[in-house]
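Colleague: coords below, sequence missing:
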C-alpha cells in the first residue's frame, strides 16, 4: 500500500482532493515495481514470482475513514475503509481467494494501513494461507515533541474525528483506549494476532520532522536545518535526536514480546526503505547485523529464522546507511 501522509481538516483534504493522493482520475497509470514488489530474482529472491499488487492511496486516512454523509459544499468522501474493503474484495474475486502465502505491506501511511488492517486481512484470506504483514516506515510513535507535548497525538485525533475512523480501527485497541491513540502502532500491536515485521529507521526522517520537531511547535525555526540534515544539528539538538531514538525503542517493546514479530531497526536518517531494489537488497543498502532488509524479511516470512535486530546506537554509526534523501 502506497504512502503519502494524511489530511486532518476540510482545507487539507480539499487540497488533497485535487492531487493523485485524492482521486484516481489524477493518478499516473504506470508505476514502477521494485524492492519488495520487484520481479527480479536477483534483487527480490523470496517474492519475485508472487502476484504483486500496488494499492494506490486516495483517502488521506490510511484507509480508515467511514462517514456516510457527504457535505455538498465540499463534496469530500471520507470512506477509506470502504475503499480498502472494495479493493480486497476485487482482488479476492481475481484469485486471491486461493492464496497460499500473502503479505500485506506498505510504506509510511501505507505501512500504518498495513498494521491497522492486518488482522482483518488475515481473517478474509483462506484459513490455510500463511499470512503476515510488513510495515516499512509505518511505526509512528506516540512521541513527545521538542516542547514536551505530543503534537502528533493532536494531529491524529483530528484525522480520526474527521474521517470517522473510530469504528474501523482495531476493536482490540479501541475497546481499551480512546480511538485516536489506536492510530499508534505501539497500542495496536500488543493485541495483534497476525505476525508483523517492522522495518524502520531509528532516526526516521519523517518522524524527526513531524513528530519530534513539527513546524507548528518550532516557532523560532531553530530546527529548520537540523531536522532535514542531522549533520547540521547542534550538539544539544543531537542529544534531543538521540532521545527521540530512545522513545522509538520504548515504543517498539510490543514487537520484541514475541519471536513471531520481526524487527529491522537501522540507525539511518531515512523513511521507507523497502520500495527500491537498492535499499531492499542492494550492496549499497542498509545492513543490520550483516543482513539486508530483503533477507531479514524473507527468512522471517518463511520461518527460516526469526529476526529482531537493532542497529548501533548513535548517528551516523552505520556506514551502510545511504546518503540522506528527502523521500516522504
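Modeller: Received it, and whenever you're ready, just let me know what you need. Keep in mind that this is a model prediction, so the values were computed, not measured. Numbers count the residues shown, from 1 in each chain.
Colleague: Next, find the distance separating residue 116 from residue 104.
Modeller: Note on residue 116: its distance to residue 104, by C-beta to C-beta, to the nearest Å, is 10 Å. All C-beta spots, glycine's among them, are computed from the backbone N, C-alpha and C.
Colleague: make that residue 281, sorry
Modeller: Residue 281 is 20 Å from residue 104, by C-beta to C-beta.
Colleague: So if I had to pick from the two, which one is more boxed in?
Modeller: More crowded of residue 281 and residue 104, by other C-beta atoms under 10 Å: residue 104, with 27 against 24.
Colleague: which residues touch that one?
Modeller: By C-beta atoms under 8 Å, 6 or more residues apart in numbering, the contact list for residue 104 reads 1, 114, 117, 118, 121, 131, 133, 134.
Colleague: hmm, try it at 7 Å
Modeller: Applying C-beta atoms under 7 Å, 6 or more residues apart in numbering, we find residue 104 in contact with 114, 117, 118, 121, 133.
Colleague: Need the nearest residue in space to the last one, chain neighbours excluded.
Modeller: By the measure of C-beta to C-beta, 6 or more residues apart in numbering, the closest residue to residue 133 outside its immediate chain neighbours is residue 118, 4.0 Å from it.
Colleague: And the fourth one, by the same measure?
Modeller: In space, not counting the residues next to it along the chain, residue 121 is nearest to residue 104; the distance is 4.6 Å by C-beta to C-beta, 6+ apart.
Colleague: would that neighbour count as being in a helix?
Modeller: No - read with DSSP: H, G, I helix; E, B strand; the rest coil, residue 104 is strand and lies in no helix.
Colleague: So what pairs up with it in the strands?
Modeller: Per DSSP bridges, the residues bridged to residue 104 are residue 133.
Colleague: Next one: it relative to residue 248, how far apart?
Modeller: In terms of C-beta to C-beta, residue 104 sits 23 Å off from residue 248.
Colleague: and what of residue 96?
Modeller: Residue 96 sits 33 Å away from residue 248, going by C-beta to C-beta.
Colleague: Neighbour count for those two, which is higher?
Modeller: Counted by other C-beta under 10 Å, residue 96 and residue 248 do not tie: residue 248 has more neighbours, with 23 against 18.
Colleague: For the more buried one, list the residues it contacts.
Modeller: Residue 248 is in contact with 141, 202, counting by C-beta under 7 Å, 6+ apart.
Colleague: So that it lines up with my notes, have the first residue be 198 from now on.
Modeller: All right, first residue 198 from here; so that's residue 445.
Colleague: Now residue 486: closest residue in space, sequence neighbours ignored.
Modeller: Nearest in space to residue 486, with sequence neighbours left out and distances taken as C-beta to C-beta, 6+ apart, is residue 506 at 4.5 Å.
Colleague: ok, now residue 450?
Modeller: Using C-beta to C-beta, 6+ apart and skipping the chain neighbours, the partner closest in space to residue 450 is residue 383 (7.5 Å).
Colleague: what residues does the host helix or strand of the one you found touch?
Modeller: Residue 383 belongs to helix 382-385 when assigned by DSSP states H and E. Under the contact criterion C-beta under 7 Å, 6+ apart, helix 382-385 has outside partners 309, 312-313, 335-339, 367, 370, 374, 378-379, 448, 451.
Colleague: do stretch 337-353 as well
Modeller: Residues outside stretch 337-353 that contact it (C-beta under 7 Å, 6+ apart): 205, 309, 377-378, 380-383, 404, 408-411, 413-415, 420, 437, 441, 444-445, 448.
Colleague: One more pass at 8 Å, please.
Modeller: By C-beta under 8 Å, 6+ apart, stretch 337-353 touches 203, 205, 309, 377-378, 380-384, 404, 407-411, 413-415, 420, 437, 441, 444-445, 448.
Colleague: For PyMOL, write the selection for the buried entries among those residues.
Modeller: Selection of buried members from those for PyMOL, criterion 16 or more other C-beta atoms under 10 Å:
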select buried, resi 203+205+309+377+378+380+381+382+383+384+404+407+408+409+410+411+415+420+437+441+444+445+448
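Colleague: can you tell me which residues contact residue 508?
Modeller: Shown in contact with residue 508 (C-beta under 8 Å, 6+ apart): 399, 462, 463, 464, 485, 514, 515.
Colleague: Mind checking which of the residues you listed land in strands?
Modeller: Using DSSP state E, 462, 463, 485 are the members of those that sit in strands.
Colleague: Can I get those in a markdown table including distance to residue 248 and neighbour count?
Modeller: Below are these laid out as a markdown table (distance: C-beta to C-beta, whole Å; neighbours: other C-beta atoms under 10 Å):
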| residue | distance to residue 248 | neighbour count |
| --- | --- | --- |
| 462 | 29 | 22 |
| 463 | 29 | 25 |
| 485 | 29 | 22 |
